[in-house]
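> mind folding the following:
(chains A, B and C)
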Amino acid sequence: MLTIPTRAEVVRQVRERGERVAAVLPIHYPRALLRAHGFQPMEVWGPPSVSVVEGNAHFQAYTCGIVRNATSFLLQGGLDAADVIVIPHTCDALQGMASVLKDFIEPRQPVATIYLPRAARSADRGFLQAELHRLAQQLAEISGRSPSGGELMAAIEREEEADRELGALAEHRSEIDLGDRDYFTLLRAREFLPAESFIELARSAPRGRGPDRGVPLMISGIVPEPMDLFDHINEMGAHVVADDLACCSRRLYRPGSASDPFERMADALLGGPLDPTRGSPILERARAVASRMAQCGAKGLLVYDVKFCEPELFDVPLLRKHLTEAGLSMLHVEFDMTGSIAQQTLTRIEAFVEMLQ
Amino acid sequence: MGEAKWIGIDAGSTTCKAVAVDAAGDLIASRIEPAHPVIEDQAARLVDELRAEAGAGGEVPVVATGYGRKLVRGATRNITEITCHARGVFRALKQPGMLVDIGGQDTKVIVIGPGGRAVDFMMNDKCAAGTGRFLEHSAARLSVAIEDLGPRALGAVGEESISSTCTVFAESEIISLVARGAKVDAILLGLHRSLISRVVAMIHSVGLRSPLMLSGGVARNLAARAMLEQATGQKLHLPEHPQLMGAYGAALVGLESGADR
Amino acid sequence: MNPKSYLAYTLGYQLFGKSFLSWQRHSDERKLRAIRPAPDDPLNPPLVGTARMKELMSRHYLEGRYANGVRKVAWVTSGAPIEVLRALDFFLIYPENHAALCGARRHAEGLAVEAENAGYSRDICSYARTDIGAALSGRTPMGKLPRPDLLVCCTNICQTVLYWYRVLAAHFGVPLYVVDTPFLYEKVADHQLDYVLEQIEGLIPVAEKVAGRRVSRGRLQEIMEQGKDCAELWLEIMDRAQHRPSPITAFDGFINMGPIVDLRGEPETFAFYKELLREIDRRIEQGVGAIRDERKRVLWDNLPVWYKIGKLSRHLGAKGVNVIVSTYTYAWGELAPMMDASDPMRSAARVYLHPILNRSTGDKLRSMREMVARFQLDGAILHSDRSCKPYSLGQIDQRDNLANDLGVPAVLLEADHNDPRVYSDEQADARLDAFVETMEAA
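This is a model prediction of the structure:
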């Protein structure tokens, strides 16, 4: 069994080191830039079990649950430990959240945004580098710390190493001797642990023969909340052999080679795995998912989407069509960002597992 | 008629069904009742009744399905409605194809492959539009008995279009139609149309296949049947006991598992 | 160019089609002039100029039927930098406008169902569902849409278009060019301008390759000038609503905005709006308002509810409420001052970064507050549009600010721009009636 520090413990350690905390919303952002400026990123993907009264006072009921819950969480004091709130421009919902925070809610912490280009042409690279410089300046103003090029490069290399460890965990799922829930808890520790702690943790994960029970599934979507999902899946007689989750495998950035730190960070963000929020062509993505499923022996793809997630929804029909043609099955279900999963949703997943048995 | 070998219980949201099968897999006894809030007790009672009616005096193993399946005490297994409906209808109609099951809370479209396995399926989202509840709710609002819904809709002169598929919105639409003096039967016809359009969308998103089969409580509704045939251009095949197919399938799954007694 | 297509184009569109539509316009004009509204109709007779709008739009879609094989076709988002494409003589289809026409003509639901049947969720924008349904089924009330040779998507209105155009790219198997416009949380920065400029420049070789010809910078400048003229004229029309009683309603704006979106910069568009402005000015001279008894003047925020335009204008008109201006129609004119034909590319970059949908929620509130003052408004209806997240997110705070800080009664109207199935007349009417009562008590 692994011992993973809690978020509260990490906050304490960060404070003891004289550093700050950045609350970061999904999905892609330059971790190394934050670290080098003295901020430990702590990601906010919901969280699922908060009352959404406060969020509903600012956002309509048809708004993504991540936005409504995160807003509630902030207003309930859940992000009090943070010194800055970073909101990447991931989608229209997070755009709205960042804008409402800056213009209306005006939290105690400054709100920093970052715009991520939807393609990877030379114009996009150039822009993202400039955007990273702008963010760097904003972070420096908040923390009073301007890292040297060398310090920045050291932070980048540390994050690249952590990504390599994450990649190894994802690649060799079958050799990690952890149940699904523990395994994904480990992957998701990357959301709040400093890179060096994550590297250590990942290396200490028990190797051997991984769980090999029941129907092998691959899971796709933004975030698997609540994590009870994995217990349910196991009880139904299935297990998860690979993921295409925004919080996990869609962030396996390749290590860069550029010597300029900003160029290197921009390349990593733009060259990451295929992701609908980054504008990846649908068929290319469908082919990648199918080949990953074949590689790890997954019989079915469970697309587990947070309700109202347009970037995910647009891909569903063509993804399904492509997988069906490849002889693979797919189930698409949606969940509200709450503490429990609707019985009906579980029934559908269970029927899917029965179908694949 | 042989003695009961397996019992299937389908604990649904509106009704609770129980079926006993003999060694040949034939349906030899059944019960259907409105769902009781305490599912455990109701299921136990129905099992006892079937055992008394068709059992050989000893224990008869039980397979449970339906949304209350995990609350049925003493069940050997619990299996989802999707697998059970596919199995039950396949046995009753002896053909693969596409099954539409319109129940109280869920509507399912299931592609049944050779051997009676579900090979693909689609289920309505959380909203009640496109389920039996939509009609039931609206019928209550119009003070029409559920069994009269179909015949009255079929006998309607003219049709009032119901634009909302949302159960709550449709209710306010009904009230204003009534206030404007619209005929109840014409409103009923519009409600059926709205329901069927939602079901047809699900059929198409899986991909229409022949033969098209129908089960669930709404299968008894003549207007829904006629409209579904019209909208899909397919003749509907109905099992003899459309409401019992989930429970029947559950019993069959038990029988096929071979782990009896 | 394909000779057979060219022949069909000449006969069907140039010779027969245009004359028929012109004849139809004359007949429509006669009918519009003859309208004597019923004594209980709260609205004054409609604008006769609308007949010309119908002719322009019908002609555009008619040409579209014959365009493949004759002109290169690009499908573009409403905020795409089309100057380059126009300079290369592309025929342009605006799927959003097509979807809106389907919505106004009550065809959107049937087409959306086609997309839903193919697995596109009902939580996807109803414009996208309408158009994807049209592409999948080949059905459209406009007869037939030409296949695209190129897709150009600009994210200055939403990210939805990016996802939607990827579906179109997969469906048609044609190149997709994305012009990505960073959202302006704050004032525009140089690196944002440079980025958009570089992408608009980058569109030139892509479009030239498809068109098989080179773009002339002189022509580009000319097109920019025409675009600016049209936008200024449109703005002038919108601004006529400052008169009391207002000679136009926001609904008139919705109905007549097709040409400023689809045919902006075309000489005929300019002529049409010139004529429309003359008609509006005659109303002002005669002291005629768009509604008979204008007691309250109101702002509309967000897209229209296309399938309820007539119903809403009558329902509100009967209560003496004139919805005179909207942030949405205004968006097609308000950037005219930014257009600078002497520096066409850089000014295009600036303009395409600044649509209301690409500006912050606070900036949108400032725009609304300015409109309240300039048009002397008594209230605001904020259409909370389930299908348009970037326009709608922020409205709860914007409404609170208008109502509480500015003291202007404001209401959130829950609806959807193109999907009638999520609209409830009863709920909407109740909400609007309560809003009118609040204005009357204020």
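
> which residue ranges of chain B form helices?
For chain B, the helices defined by DSSP state H occupy B:39-54, B:81-93, B:132-141, B:146-154, B:167-179, B:184-206, B:222-232, B:245-257.

> any weak-confidence spans in chain B?
B:1, B:56-57, B:126-128, B:259-261 (pLDDT under 70).

> let's see it at 50
For chain B, residues meeting the criterion pLDDT under 50 lie at B:260-261.

> what does it put close to chain C?
Taking CB under 8 Å from any CB of the partner chain as the test, the list of chain B residues beside chain C reads B:163-166, B:169, B:172-173, B:175-176, B:197, B:200-201, B:204-205. Just so you know, the C-beta spots here come from the backbone N, C-alpha and C atoms, and that holds for glycine as well.

> what segments of the chain are strands?
Answering for chain A, as no chain was given. For chain A, the strands defined by DSSP state E occupy A:20-24, A:39-43, A:84-89, A:111-115, A:215-221, A:238-245, A:300-306, A:329-335.

> chain C, not that one
Listed from the start of the chain, chain C has strands (DSSP E) covering C:73-76, C:91-93, C:150-154, C:176-179, C:296-301, C:321-326, C:379-385, C:410-415.

> would you check that A:L331 makes contact with A:I349?
Yes - taking CB atoms under 8 Å as the definition, A:L331 is a contact partner of A:I349 at 6.7 Å.

> where do the contact lists of these two overlap?
Common contacts of A:L331 and A:I349, defined by CB atoms under 8 Å, 6 or more residues apart in numbering or on different chains, comprise A:L302.

> quick one on the thing from earlier: output the strands of chain C as a markdown table; include the columns mean neighbour count, distance to A:F198 and mean pLDDT.
Putting those into a markdown table (neighbours: other CB atoms under 10 Å in any protein chain shown; distance: least, CB to CB, whole Å; pLDDT from 0 to 100) gives the following:
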| stretch | mean neighbour count | distance to A:F198 | mean pLDDT |
| --- | --- | --- | --- |
| strand C:73-76 | 26 | 45 | 98 |
| strand C:91-93 | 22 | 49 | 98 |
| strand C:150-154 | 25 | 37 | 98 |
| strand C:176-179 | 23 | 34 | 98 |
| strand C:296-301 | 25 | 46 | 98 |
| strand C:321-326 | 29 | 51 | 97 |
| strand C:379-385 | 25 | 42 | 98 |
| strand C:410-415 | 22 | 44 | 95 |
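
> now distance to A:G272 too, for these, in JSON lines please.
Conversion of the strands of chain C to JSON lines gives the following (distance: least, CB to CB, whole Å):
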{"stretch": "strand C:73-76", "distance to A:G272": "29"}
{"stretch": "strand C:91-93", "distance to A:G272": "33"}
{"stretch": "strand C:150-154", "distance to A:G272": "21"}
{"stretch": "strand C:176-179", "distance to A:G272": "17"}
{"stretch": "strand C:296-301", "distance to A:G272": "37"}
{"stretch": "strand C:321-326", "distance to A:G272": "40"}
{"stretch": "strand C:379-385", "distance to A:G272": "32"}
{"stretch": "strand C:410-415", "distance to A:G272": "37"}
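
> how about these, which one is nearest C:P141?
Put simply, out of those the one that sits nearest C:P141 is strand C:91-93, at 14.4 Å, with distance taken as CB to CB.

> for stretch C:139-156, which positions count as buried?
Neighbour-count burial for stretch C:139-156, with 16 or more other CB atoms under 10 Å in any protein chain shown as criterion, is recorded at C:139-142, C:144-146, C:148-156.

> how about the contacts made by C:L111?
With the criterion set at CB under 8 Å, 6+ apart, C:L111 makes contact with C:C102, C:R129, C:T130, C:D131, C:G133, C:A134, C:S137, C:R139, C:T140.

> now with 6 Å, please.
When contacts are counted by CB atoms under 6 Å, 6 or more residues apart in numbering or on different chains, C:L111 is found next to C:C102, C:T130, C:G133, C:A134.

> farthest pair in the residues you listed?
The largest distance within the contacts of C:L111, taken as CB to CB, falls between C:C102 and C:G133 and amounts to 8.9 Å.

> need the strands of chain A in a markdown table with mean neighbour count, can you?
Listed next are those as a markdown table, based on neighbours: other CB atoms under 10 Å in any protein chain shown:
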| stretch | mean neighbour count |
| --- | --- |
| strand A:20-24 | 25 |
| strand A:39-43 | 23 |
| strand A:84-89 | 24 |
| strand A:111-115 | 23 |
| strand A:215-221 | 24 |
| strand A:238-245 | 24 |
| strand A:300-306 | 24 |
| strand A:329-335 | 21 |
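
> of those, which is nearest C:A211?
Between C:A211 and the strands of chain A, the shortest separation by CB to CB is 30.8 Å, and it involves strand A:111-115.

> and that closest one with strand A:39-43, angle?
On the basis of axes from the mean of the first three to the mean of the last three CA atoms, to 10 degrees, strand A:111-115 is oriented at 80 degrees to strand A:39-43.

> strand A:111-115 near chain C at all?
Yes - contact of strand A:111-115 with chain C (CB under 6 Å from any CB of the partner chain) involves A:T113, A:Y115.

> contacts for that strand?
By CB under 6 Å, 6+ apart, the list of residues contacting strand A:111-115 from outside reads A:29, A:84-89, A:98, A:101-102, A:131, A:135, A:138, C:182, C:185.

> one more: stretch C:8-22?
Under CB under 6 Å, 6+ apart, the answer for stretch C:8-22 is C:E55, C:S58, C:R59, C:L62, C:E63, C:Y66, C:V70.

> from chain B, how far off is the fourth one?
Taken as CB to the nearest CB, to the nearest Å, the spacing of C:L62 relative to chain B amounts to 31 Å.

> how about the nearest residue to that residue, chain neighbours excluded?
Counting by CB to CB, 6 or more residues apart in numbering or on different chains, the nearest residue to C:L62 once its immediate chain neighbours are dropped is C:G17, at 4.7 Å.

> pLDDT at residue 250, what is it?
Picked chain A for this. According to the prediction, A:R250 has pLDDT 98.

> that was the other one, I meant chain C.
Confidence at C:A250, expressed as pLDDT, is 97.

> and residue 133, how many neighbours?
Here I'm looking at chain A. 13 (other CB atoms under 10 Å in any protein chain shown).

> not what I meant, chain B
B:R133, neighbours per other CB under 10 Å, totals 20.

> for the nearest residue to it once chain neighbours are set aside, phi and psi?
In this structure, B:R133 finds its nearest non-sequential neighbour in B:G104, 5.6 Å apart by CB to CB, 6+ apart. With angles defined as degrees, to the nearest 10, B:G104 shows backbone torsions of phi -70, psi -40.

> list the contacts of B:G104.
In this structure, B:G104 makes contact with B:S13, B:T14, B:G132, B:R133, judged by CB under 6 Å, 6+ apart.

> do the same with C:A441
Neighbouring residues of C:A441 by CB under 6 Å, 6+ apart: there are none.

> for A:A70, give me its contacts.
A:V44.

> now with 8 Å, please.
Neighbour list for A:A70: A:L25, A:V44, A:G46, A:P47, A:G55, A:M97 [criterion: CB under 8 Å, 6+ apart].

> hmm, the first one is touching A:A93, no?
No - between A:L25 and A:A93 there is no contact under CB under 8 Å: 9.9 Å.

> shared neighbours of those two, anything?
A:I66.

> residues of stretch A:112-127 that come out buried?
In terms of neighbour count (16+ other CB under 10 Å), stretch A:112-127 has its buried residues at A:112-120, A:123-127.
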